[in-house]
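> I need the structure of the sequence given here:
(chains A and B)
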2 protein chains.
Amino acid sequence: MHVLWVDLFEISMRKIEICLSPDLIHRYSLENKIVVVVDIFRATSTMVTALGNGVNSILPVEDLETCRALKQKGYTIAGERNGLPAEGFELGNSPLSYLNGAFQGHQIAMTTTNGTLAIEKSKKGASEVLIGAFLNLQTTTDFILEHKEDVVILCAGWKGKFNLEDSLYAGALASKLSEHFDRDCDAVIGMSDLYLQHRNNLRPFLNQASHAKRLQNHHIEADIDFCLELDVFDVLGRLKNDLLVRF
Amino acid sequence: MHVLWVDLFEISMRKIEICLSPDLIHRYSLENKIVVVVDIFRATSTMVTALGNGVNSILPVEDLETCRALKQKGYTIAGERNGLPAEGFELGNSPLSYLNGAFQGHQIAMTTTNGTLAIEKSKKGASEVLIGAFLNLQTTTDFILEHKEDVVILCAGWKGKFNLEDSLYAGALASKLSEHFDRDCDAVIGMSDLYLQHRNNLRPFLNQASHAKRLQNHHIEADIDFCLELDVFDVLGRLKNDLLVRF
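Prediction:
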């Protein structure tokens, strides 16, 4: 009987769920799970780009004031609200600012409209918090496959509402993992399907989306294109003691 | 100038939004809007079927106890929790129970796991609350097109989480209205697309969904098939003074 129990235990599949908004996180147990936080336009894409370009660490900070104060402590401060750079900050939220090792060796403190709040909410009980982006999709996939925990993908959304780009990333990651996971979650089924339908036309599909339109109005087309590129970096974004470091 | 202003005002398009869970409703303004509440499996499908089969009225009730007590006041009571009929209730939550005028002329009091709570949450400030189902999709569409207010479609979901069947209905209604509405809502874009991709294979697509699986375990395949039928009834489900009546 003991052998049978072990067998059954070993063949039970890992679970994967998608939480479409930080406002729904209370409906999910994060205990001992890998949580992947995603804010494609642009917080988590920018974080992955920064790590991929040699910054030492990134401290996600919820509010502008706390972030601003960290400048005195040697941090390079990055701040954005509603898609625009925040006043008095050295950096906004463009991934392109970090290319070519422009901030290599820096420790960054970063606050954004949706992304940093989502990271804060993802911590409760999770065994790992990863920062996801199309830019390092394969690296995140590989890390998850090498581990055993269940997975929750948390979309930062837009001010608590569903957004298309984060949901499409969630669908992309879930569909790459689908063979190895029990998909007893409707958001996994829906978003995987939506991603697979549009994987070859992500940009035109997203051009209809409200946030992409908002970014277009700010003349940051290049950021949008960059954030949708697949597997540009092989770094993992991994939170350790509140600090995002490169692995 | 006055004439120009009037022209601009008149050509501004109506807005449509989809709220994917009652837990996100605080992010939406319902003031002076038409709110369409949907719980495909099975609360709102059952309500539409009951109205289409001659019941006098339906009183949605949040909890089992209140609903049970209404039996003494002449109501026929219908109650369901977690997909199963509640103890001591005359009716569960199957639309098929109401066919062939089985409860013609009755006043029904009904409580369900997700649907009645969603109806309660939809009332705040809304100018109209409609009860949506595939079974009367065209009638609901026609009513909305004959009016001028903005629209919010509220999915009942499953215990606060996204569910596939309600979201597909929301996408169906939004896509039927798309020509006449400004779609500045990512959930409208995503769910319309998902519905249009699967409109001809809704049942197989939904067979993967968690709630459909749950219902299959309860041997109510026939309910699922019925709830996915299009335009069986030409009744409108419309809430007036907390009471759902036929129009």
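
> what pairs with the spatially most central residue of chain A across the strands?
The geometric centre of chain A, computed from its C-alpha atoms, lies nearest to residue A:38 (Cα atoms, centre = their mean), at 2.3 Å. Beta-bridge pairing for residue A:38 (DSSP bridges): residue A:132, residue A:155.

> near chain B, which residues of chain A show up?
By Cβ under 8 Å from any Cβ of the partner chain, the residues of chain A that approach chain B are A:18, A:20-21, A:23-24, A:26-27, A:158-164, A:167, A:183-187, A:189-190, A:193-194, A:197-198, A:205, A:208-211, A:213. All C-beta atoms are positioned from the backbone trio N, CA, C, and that covers glycine.

> Now, of these, which are buried?
When burial is judged by neighbour count using 16 or more other Cβ atoms under 10 Å in any protein chain shown, the buried members of those are A:18, A:20-21, A:23-24, A:27, A:158, A:160-164, A:167, A:183-187, A:189-190, A:193-194, A:197-198, A:205, A:208-211.

> any idea how far the residue nearest to the centre of chain A lies from residue B:34?
33 Å (Cβ to Cβ, to the nearest Å).

> Tell me which helix or strand comes right after the helix-or-strand element of chain A with minimal mean pLDDT.
Taking mean pLDDT, DSSP states H and E as the measure, helix A:2-11 is the helix or strand of chain A with the lowest mean score, a mean of 49. Past helix A:2-11, heading to the C-terminal end, the next element that is a helix or strand (DSSP states H and E) is strand A:14-19.

> and that following strand, which strands flank it?
In the sheet, strand A:14-19 lines up with strand A:151-155 (parallel), strand A:181-182 (parallel) (DSSP bridges).

> can you list contacts of the shortest one?
Taking Cβ atoms under 8 Å, 6 or more residues apart in numbering or on different chains as the criterion, the residues outside strand A:181-182 that touch it are A:13, A:14, A:15, A:16, A:151, A:174.

> for that strand, the distance to its chain's centre please.
The offset between the C-alpha centroid of strand A:181-182 and the centroid of the whole chain comes to 21 Å, using Cα atoms, centre = their mean, to the nearest Å.

> mean confidence score for it?
Across strand A:181-182, pLDDT averages out at 93.

> Dump the one helix or strand residue A:65 maps to to CSV, restricted to CA.
Secondary-structure element containing residue A:65, defined by DSSP H and E: helix A:64-69. These are the backbone C-alpha positions of helix A:64-69, laid out as CSV (Å, rounded to 0.1, in the frame of the first residue of the first chain):
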residue,chain,number,x,y,z
LEU,A,64,7.1,57.6,-5.3
GLU,A,65,8.2,59.3,-2.0
THR,A,66,10.0,56.2,-0.6
CYS,A,67,11.7,55.6,-4.0
ARG,A,68,12.8,59.3,-4.3
ALA,A,69,14.4,59.1,-0.8
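
> For that helix, which residues meet the burial criterion?
Taking 16+ other Cβ under 10 Å as the neighbour-count basis, helix A:64-69 is seen to contain the buried residues A:64, A:67, A:68.

> Quick check: the last one touching residue A:87?
In other words, residue A:68. No - with contact defined as Cβ atoms under 8 Å, residue A:68 does not count as touching residue A:87 (9.3 Å).

> buried sites along stretch A:230-243?
Taking 16+ other Cβ under 10 Å as the basis for neighbour counts, the residues of stretch A:230-243 that come out buried are A:232, A:233, A:235, A:236, A:237, A:238, A:239.

> what about the helices in chain A?
Secondary structure of chain A by DSSP state H: the helices cover A:2-11, A:43-52, A:64-69, A:115-122, A:137-145, A:164-177, A:186-198, A:202-206, A:210-217, A:221-227.

> right, so those: which one is the most enclosed?
helix A:43-52 (a mean of 29; mean count of other Cβ atoms under 10 Å in any protein chain shown).

> and the angle for that helix with helix A:115-122?
Comparing the axes of helix A:43-52 and helix A:115-122 via axes from the mean of the first three to the mean of the last three Cα atoms, to 10 degrees yields an angle of 90 degrees.

> Which strands or helices does helix A:43-52 pack on?
Secondary structure elements in contact with helix A:43-52, counted by 3 or more Cβ pairs under 8 Å, 6 or more residues apart in numbering or on different chains; DSSP states H and E, are strand A:57-60, strand A:107-111, helix A:115-122, strand A:128-132, helix A:221-227, strand A:237-240, strand A:243-246.

> Nearest to residue A:143, out of those?
Across these, the minimum distance to residue A:143, taken as Cβ to Cβ, is reached by strand A:128-132, at 6.9 Å.

> wait, isn't residue A:58 in contact with residue A:243?
Yes - under the criterion of Cβ under 8 Å, residue A:58 lies in contact with residue A:243, with a separation of 7.3 Å.

> in chain A, what spans have low per-residue confidence?
Scanning chain A for pLDDT under 70 picks out the ranges A:1-11, A:211-212, A:214-219.

> residue contacts, residue A:25?
The contact partners of residue A:25, by Cβ under 8 Å, 6+ apart, come to A:19, A:121, A:122, A:154.

> Which of the residues you listed lies at the shortest distance from chain B?
The shortest distance between chain B and any of the contacts of residue A:25, using Cβ to the nearest Cβ, involves residue A:19 and amounts to 8.2 Å.

> any idea how far that closest one lies from residue A:13?
From residue A:19 across to residue A:13, the span is 19 Å (Cβ to Cβ).

> Residue A:150 reaches residue A:33, doesn't it?
Yes - counting by Cβ under 8 Å, residue A:33 is a contact partner of residue A:150 at 4.8 Å.

> show me what contacts residue A:162?
With contacts taken as Cβ under 8 Å, 6+ apart, residue A:162 has the following neighbours: A:20, A:21, A:155, B:18, B:20, B:24, B:186, B:187, B:190.

> Please list all residues in contact with the nearest residue to it once chain neighbours are set aside.
Of all residues not flanking residue A:162 in the chain, residue B:187 sits nearest, at 4.5 Å (Cβ to Cβ, 6 or more residues apart in numbering or on different chains). The neighbourhood of residue B:187, defined by Cβ under 8 Å, 6+ apart, consists of A:161, A:162, B:17, B:18, B:19, B:20, B:167, B:170.

> now residue A:79
With the criterion set at Cβ under 8 Å, 6+ apart, residue A:79 makes contact with A:64, A:67-68, A:85-86, A:88-89, A:91-93, A:110-112.

> Turn these into CSV, columns for distance to residue A:45.
Putting the contacts of residue A:79 into CSV (distance: Cβ to Cβ, whole Å) gives the following:
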residue, distance to residue A:45
A:64, 20
A:67, 19
A:68, 23
A:85, 16
A:86, 18
A:88, 23
A:89, 18
A:91, 14
A:92, 13
A:93, 9
A:110, 12
A:111, 16
A:112, 11
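
> Of those, select the buried ones using a PyMOL command.
Once 16+ other Cβ under 10 Å is used to decide burial, the buried members of these can be selected in PyMOL as follows:
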select buried, chain A and resi 64+67+68+85+86+89+91+92+93+110+111+112
